[in-house]
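**Q** give me coordinates for this.
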Amino acid sequence: MKKIISILAVIIVVCAVFFNRVRVLTIYDEWREPALPEAVAWEETVPNDDAMSSDIQGDPSTPGVPFAQNDDTTPQPPTFQGGGVPLEYNLAVPFQSQAPRANWDLPYQEACEEASLIMAHAFFNGTGLTADSMETSINKLVDWEMETFGYYKDTTSKEVELMAKEYFGLSAELDYEVSADNIKKYISQNKLVLVPAAGRMLPNPYFSGDGPLYHMLIIRGYTLNGKFITNDPGTKRGEAFLYSYDDLLNAIHDWPRAHGGYKDNVSEQEMASGELVMIVVDKQRGL
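**A** Got it, this is the predicted structure:
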């Protein structure tokens, strides 16, 4: 009888862990990862390539409200490595997933590019995001894409660069030198790096099913222990999600066709042959 009770207890525990595996993974990840570097809002940064001091504290979660200065704290200067790049850095990019109300119907299941750009725009403008504002912004951008491109699905990095410039009024450029050092250089200059990816190569346990064939996310920082800090719009747990340098760099591939708008016959193998490229986004200086 005791043996049967013990077996039943084990079965119950196993079932509980299985059905709550996402929560278990979250707790485990939080336990094993060190604290992230303090997040820096755009107003806190000095907009030149060498100076990276900060004197403003803010709350990126407040929608539509610029970050406010906090005179009660004195920010600690970053520790630098060779070349003037801080050993760790983290930009306070506000987050909402591409399905802000957990509705994964169209257009939201295809809106990772749009969500990444919307988060970048909010960061550079010192405003937060709510589920309502993200949903509205996605739909407006999709309408613009339909008028401009004739489609909105699976946009290439060149098309995302165009959206950043023409729709959001941001500075954007493509860089084909995709490396950890180059990404860290841009982040330490208070720029954001958007990367296209073969989504099923990304080791994200929170993706549903096999994960997206094509994906896009924001790199907003990096840690002392070799992790990129990202805002990954493909999951509600994507805020400050950590990928190792190798895992993310290996997955970076642009959409492999000449333009977006169609997914017919694009295999995982073809997706993994897409060009290595990243989109470096900044605020237009003087605006």
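**Q** so where do the helices sit in this structure?
**A** For the chain, applying DSSP state H gives helices covering 2-19, 21-32, 112-124, 131-148, 157-166, 180-188, 245-251, 268-271.
**Q** the ones you listed: lowest mean pLDDT?
**A** When these are compared on mean pLDDT, helix 21-32 scores lowest, with a mean of 50.
**Q** pLDDT score assigned to the residue nearest to Y108 when sequence neighbours are not counted?
**A** Nearest non-adjacent residue to Y108, counting by C-beta to C-beta, 6 or more residues apart in numbering: A99, 4.2 Å away. (C-beta placed from N, C-alpha, C; glycine too.) Confidence at A99, expressed as pLDDT, is 98.
**Q** need the contact list for A99.
**A** For A99, the contacting residues are 108-109, 111, 236, by C-beta atoms under 8 Å, 6 or more residues apart in numbering.
**Q** I'd like to know which of these are buried.
**A** 108, 111 (16 or more other C-beta atoms under 10 Å).
**Q** so which of the contacts of A99 is the closest to S208?
**A** Distance to S208, by C-beta to C-beta, is smallest for Q109 among the contacts of A99, at 9.7 Å.
**Q** who's in contact with the closest one?
**A** Counted by C-beta under 8 Å, 6+ apart, Q109 has contacts 98-99.
**Q** can you rerun that using 7 Å?
**A** Q109 makes contacts with A99, as judged by C-beta atoms under 7 Å, 6 or more residues apart in numbering.
**Q** then the one 5 residues further on?
**A** The contact partners of E114, by C-beta under 7 Å, 6+ apart, come to 138, 141-142.
**Q** try 8 Å
**A** Counting by C-beta under 8 Å, 6+ apart, the residues that E114 touches are 98, 107, 137-138, 141-142, 145, 152.
**Q** can you put the contacts of A99 in a markdown table and add distance to N182 and pLDDT?
**A** Below are those laid out as a markdown table (distance: C-beta to C-beta, whole Å; pLDDT from 0 to 100):
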| residue | distance to N182 | pLDDT |
| --- | --- | --- |
| Y108 | 31 | 98 |
| Q109 | 31 | 97 |
| A111 | 27 | 99 |
| K236 | 30 | 98 |
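**Q** closest to H259 out of the contacts of A99?
**A** A111 (17.5 Å).
**Q** what's the neighbour count on the residue nearest to E113 when sequence neighbours are not counted?
**A** Nearest residue to E113 in three dimensions, chain neighbours excluded: M216, at 4.7 Å (C-beta to C-beta, 6+ apart). For M216, the neighbour count with other C-beta atoms under 10 Å is 28.
**Q** helix 157-166 and the longest strand seen in the chain, what's the angle between them?
**A** Ranked by residue count under DSSP state E, the longest strand found in the chain is strand 214-222. Angle of strand 214-222 versus helix 157-166, following axes from the mean of the first three to the mean of the last three C-alpha atoms, to 10 degrees, is 60 degrees.
**Q** how far away from the center of its chain is strand 214-222?
**A** 4 Å (C-alpha atoms, centre = their mean, to the nearest Å).
**Q** same check, this time on stretch 171-184
**A** 15 Å.
**Q** now what about that stretch, what contacts it?
**A** For stretch 171-184, contacts defined as C-beta under 8 Å, 6+ apart pick out 85, 89, 157-158, 160-161, 164-165, 186, 193, 195, 219, 222, 228, 245, 249, 252, 275-285.
**Q** recalculate using a threshold of 7 Å.
**A** Counting by C-beta under 7 Å, 6+ apart, 85, 157-158, 161, 164-165, 193, 219, 222, 245, 249, 252, 276-284 sit against stretch 171-184.
**Q** just the buried residues of those.
**A** Buried members of the contacts of stretch 171-184, counted by 16+ other C-beta under 10 Å: 85, 157-158, 161, 164, 193, 219, 222, 245, 249, 252, 277-283.
**Q** nearest to L202 among the contacts of E114?
**A** Closest to L202 out of the contacts of E114 is Q98 (14.5 Å), distances taken as C-beta to C-beta.
**Q** V195 - how many residues pack around it?
**A** 25.
**Q** for K263, see how far away it is.
**A** From V195 over to K263 the distance is 19 Å, taken as C-beta to C-beta, to the nearest Å.
**Q** how about F168?
**A** 25 Å.
**Q** so which of the two has more stuff around it?
**A** Remark: of F168 and K263, F168 carries more neighbours, 19 against 14, as counted by other C-beta under 10 Å.
**Q** for the more buried one, which non-adjacent residue is spatially closest?
**A** H121 (4.6 Å).
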